[in-house]
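Visitor: Sequence plus predicted model, see below.
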Amino acid sequence: MAAAARAGATMRAMPLYKEQGVVLRAAKLGEADKIVTVMTQGSGKVRAVAKGIRKTTSRFGARLEPTTHVSLMLYRGRGALDTVSQAEIISPFLPIRRDLGLLAAAETMLEATDKVAEEHERNVRLFVLLLGGLRALEAVPPDPAAVAESFLLKLLSLSGFHPSLTACAECGRPDPGLFSAGQGGAVCPGCAAPDAEPVSTGALALLSVLGGSGFAEAGALAPEPAVRREARRLLFGFAEYHLERRMKSLPLLVRGSPPLARTCPTSIRSACRSTSPS
């Protein structure tokens, strides 16, 4: 009893704050606790202990599962970890958890956000981007993977790594014809590094559409299969290069994708047409 009283007094002495956020991931801690990582609106990425969450009698229940949008009361910790005091669900995003393709797309968004967000560093634009992406997935788009790919491009842009897609990243020459992640995207033959690879105008156009369109529009695209595969490969390589680490969710995103369409809406046909470089 005395120990519990001392623990309660210590907790009350810590600063208490309220936040809303999206749960990015959760990891077991000890026999009954979890460490949850949350992208919050006002405090950036927060890592906090949810005590007793794995007990059947836990007051948190399933409120702190990844993808969940929650309202939290937290105690500021003296070290790296805060402590969750209360958690209420704002949106559970249940359709995402019931579908492999939607879940794979959401996992890509959560992992990418976790990699770029800084702990306790406010980043409202990133939080809004993540929440918008999850809401688009909740609407069950025809191609959830395309929504995640659109999210990746927007996140890269927000982080200062937007790939050059319409002109050479080095000299600005149009119709560059090659692509190098290390040089910032599309490059012309005169500027290209040895690792630059040929790229089709269709793949560059598709990436441009994915990065510039809304999530709903991205999820409704139907590019030609060859163009989609090429654009996806370039995007994944570019993202991992600039995030400086491998993304475990990307293979799952590919496996969870619907069969690639063989038709393309007239309104975006220029972005879907495959044109091999000479």
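Guide: Great, that's in hand.
Visitor: contact partners of stretch 147-163?
Guide: Contact with stretch 147-163 is made by 104-106, 108-109, 112-113, 116, 125-126, 129-130, 133, 136-137, 141, 169, 181, 184-186, 207, 210-211, 213, 215, 218-219, 231-232, 235, 238-239, 242, 253, as judged by CB atoms under 8 Å, 6 or more residues apart in numbering. Placement of C-beta: from N, CA and C, glycine included.
Visitor: Show me what counts as buried in that stretch.
Guide: Residues 147-156, 159, 161-163 are the ones in stretch 147-163 that count as buried (16 or more other CB atoms under 10 Å).
Visitor: which ones among the contacts of stretch 147-163 are found in helices?
Guide: When these are checked against helices (DSSP state H), the matches are 104-106, 108-109, 112-113, 116, 125-126, 129-130, 133, 136-137, 207, 210-211, 215, 218-219, 231-232, 235, 238-239, 242, 253.
Visitor: hang on, the earlier thing: ok, of the contacts of stretch 147-163, which come out buried?
Guide: 104-106, 108-109, 112-113, 116, 126, 129-130, 133, 136-137, 141, 169, 181, 184-186, 207, 210-211, 213, 215, 218-219, 231-232, 235, 238-239, 242, 253.
Visitor: Taking the centroid of this protein, which residue is nearest it?
Guide: Nearest residue to the geometric centre of the chain (CA atoms, centre = their mean): residue 109, 1.9 Å.
Visitor: Strands along the stretch 51-200 of the chain, start to end?
Guide: Taking DSSP state E, counting those that start in this stretch to define them, one finds strands in the stretch 51-200 of the chain at 69-75, 82-91, 178-180, 185-187, 197-198.
Visitor: nearest to residue 52, of the ones you listed?
Guide: The stretch from these with the least distance to residue 52 (CB to CB) is strand 82-91; that distance is 10.4 Å.
Visitor: Mind checking the pLDDT average for that closest one?
Guide: Per-residue pLDDT values over strand 82-91 give a mean of 93.
Visitor: buried residues in that strand?
Guide: Within strand 82-91, judged by 16+ other CB under 10 Å, the buried ones are 82, 83, 84, 85, 87.
Visitor: Leaving out sequence neighbours, find the closest residue to the last one.
Guide: Distance criterion CB to CB, 6 or more residues apart in numbering; nearest residue to residue 87, sequence neighbours excluded, is residue 63 at 4.4 Å.
Visitor: ok, now residue 139?
Guide: residue 216 (7.1 Å).
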